[in-house]
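[1] Predicted structure and sequence below. I'll ask about it afterward.
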Amino acid sequence: MTVGVIGCYGAVGRALVRRLRGRLRLGGRDLTQVRKLARPGVEAVEVDIDDDARLAEFCNGCDVVVNCAGPSASIGDTVAQAALRAGAHYVDVAGDQLDRSRLTALARGRATVLAAGMMPGLSALLPRALAERVERPSRLVAHVGGLDRFTRAAALDYVASLHGEDAAPLAAWHGHRPLRGALRPAENVVLPHFPGRVSAYPYLSGETQRLARTLELAEVEWWGVFDGERTLRALSGARGRETGQAAEDLELAARLDALGRRPYFQLVFDMDGRVLVVRAADSYELTAALAATTTRAVAAGRVPPGAHDASDVLVPAAVLNELRDDPAVEVTELSRAPVEEGVL
């Protein structure tokens, strides 16, 4: 079983390669960087996503191809098509905007798993795992973020997500449906499980809305949390601006907020008083953790043919257990009084 990783020396790629065992083929534009990452016995290949021939050559002979390259919004299904045409299974740490029916037609008995990252991905799987511990769940409050850096690719994808068809900034899920303008950004507030004061930005993604419908939740508040005011301000001003400039501003703001401080990233879910906290040094570690779990599931034949989101084909409880076993991830579960409505 050969697993190919494209974008192997980026923030997510490095963290993923560290978690994978067995035969690996690592690919990236800078062969010197790829070779630095490759352990003895690991194949290092120069590959450019914009070069169809080189990309096809990389995918040929792989049983599973994992795409860690970005930004996802510009790459589209380029890597997915090359992998499937080469007869490989495909895993994408992003790719939530891709056409599932088109990829299913190309799959020909192979599995394609999209949105196998921190968000989307863990952001739906972890609430589902928590829901299994709550009888008739009705309300979810999520605080996701911390003191995290933005790579340029991540910043571009984040800004692009604000312009998606399902994007609903300042919205909440109220009375079993989305309610736009229900919430406002909050600066310099104290939140449970976050060190010191932070800023929070309310946001209802398409994934969160699907989650609310699936779990039949009456109320959902979803807050992006930033341990630094510059990042929140850059994000608040990003909607409606040119994508490249907005991403550059977001990347710089996050870097300035993190100067001289220890980074961290966490997902905190409170479902009717049952609390789950998942924490790592950054969001890229969490994305890589789910990508590794997904890759193992695909390689073991536990994912059916066709194109799927990770949250639809992985077992939430099993994902949570693998996170517990990951040395770079800290998982805590608590029970306490439910959060009152309207309280951050």
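    That came in fine, so what should we check first? Keep in mind that this is a model prediction, so the values were computed, not measured.

[2] phi, psi of the spatially closest residue to residue 10 that is not a sequence neighbour?
    Spatial nearest neighbour of residue 10, chain neighbours left out: residue 68 (5.8 Å); criterion: C-beta to C-beta, 6 or more residues apart in numbering. Glycine gets a C-beta too; all of them are placed from N, C-alpha and C. Main-chain dihedrals, residue 68, degrees, to the nearest 10: phi -110, psi 10.

[3] Can you tell me the element residue 234 falls in?
    Here residue 234 is covered by helix 229-236, with elements defined by DSSP states H and E.

[4] what ranges do the strands span in the stretch 201-344 of the chain?
    Along the stretch 201-344 of the chain, counting by DSSP state E, counting those that start in this stretch, strands occupy 219-226, 264-271, 274-280, 306-309, 330-335.

[5] got a list of contacts for the second one?
    Surrounding strand 264-271, the residues in contact under the criterion C-beta atoms under 8 Å, 6 or more residues apart in numbering are 118, 122-123, 126-127, 130-131, 134, 137, 139-148, 191-195, 227, 275-283, 285-286, 338-339.

[6] Next, the buried residues of stretch 100-110.
    When neighbours are counted by 16 or more other C-beta atoms under 10 Å, the buried residues of stretch 100-110 are found to be 103, 104, 106, 107, 110.

[7] How much space separates the last one from residue 3?
    When you say that, I think you mean residue 110. For residue 110, the distance to residue 3 (C-beta to C-beta, to the nearest Å) stands at 14 Å.

[8] what do you get for residue 33?
    Distance from residue 33 to residue 3, by C-beta to C-beta: 19 Å.

[9] Of the two, give the one with the bigger neighbour count.
    Legend: neighbour count by other C-beta atoms under 10 Å for residue 33 and residue 3, higher for residue 3 (26 against 18).

[10] which residue sits closest to the more buried one, ignoring its sequence neighbours?
    Spatial nearest neighbour of residue 3, chain neighbours left out: residue 64 (4.8 Å); criterion: C-beta to C-beta, 6+ apart.

[11] List the contacts of the one you found.
    If a contact means C-beta under 8 Å, 6+ apart, then residue 64 has 1, 2, 3, 4, 88, 89, 90, 91, 295, 298, 299 as its contacts.

[12] just the helices in the stretch 151-300 of the chain please.
    Per DSSP state H, counting those that start in this stretch, the stretch 151-300 of the chain carries helices over the ranges 152-161, 206-215, 229-236, 243-258, 283-299.

[13] taking the ones you listed together, which one is wrapped up most tightly?
    A comparison of the helices of the stretch 151-300 of the chain by mean neighbour count, using mean count of other C-beta atoms under 10 Å, puts helix 283-299 on top with a mean of 25.

[14] average pLDDT across it?
    Across helix 283-299, the average pLDDT comes to 98.

[15] And that helix, how far out from the chain middle?
    Between the centre of helix 283-299 and the centre of its chain there are 10 Å (C-alpha atoms, centre = their mean, to the nearest Å).

[16] ok, now stretch 202-222?
    Put simply, stretch 202-222 sits 16 Å off its chain's centre (C-alpha atoms, centre = their mean).

[17] ok, now stretch 172-180?
    Relative to the mean C-alpha coordinate of its chain, stretch 172-180 is positioned 23 Å out (C-alpha atoms, centre = their mean).

[18] Can you measure across it, start residue to end residue?
    7 Å (C-alpha to C-alpha, to the nearest Å).

[19] any low-confidence regions in this structure?
    When residues are selected by pLDDT under 70, those of the chain lie in 162-167, 239, 336-344.

[20] if we go to 90?
    Under the criterion pLDDT under 90, the flagged ranges of the chain are 70-74, 96-97, 107-108, 149-169, 185-187, 201, 203, 228-247, 258, 334-344.

[21] Let me see the domain layout of it.
    Domain segmentation of the chain under automatic domain parsing yields 2-116+287-314, 122-286+322-335.

[22] Burial-wise, tell me which of those comes out on top.
    Ranked by mean neighbour count, those are led by domain 2-116+287-314 with a mean of 20 (mean count of other C-beta under 10 Å).
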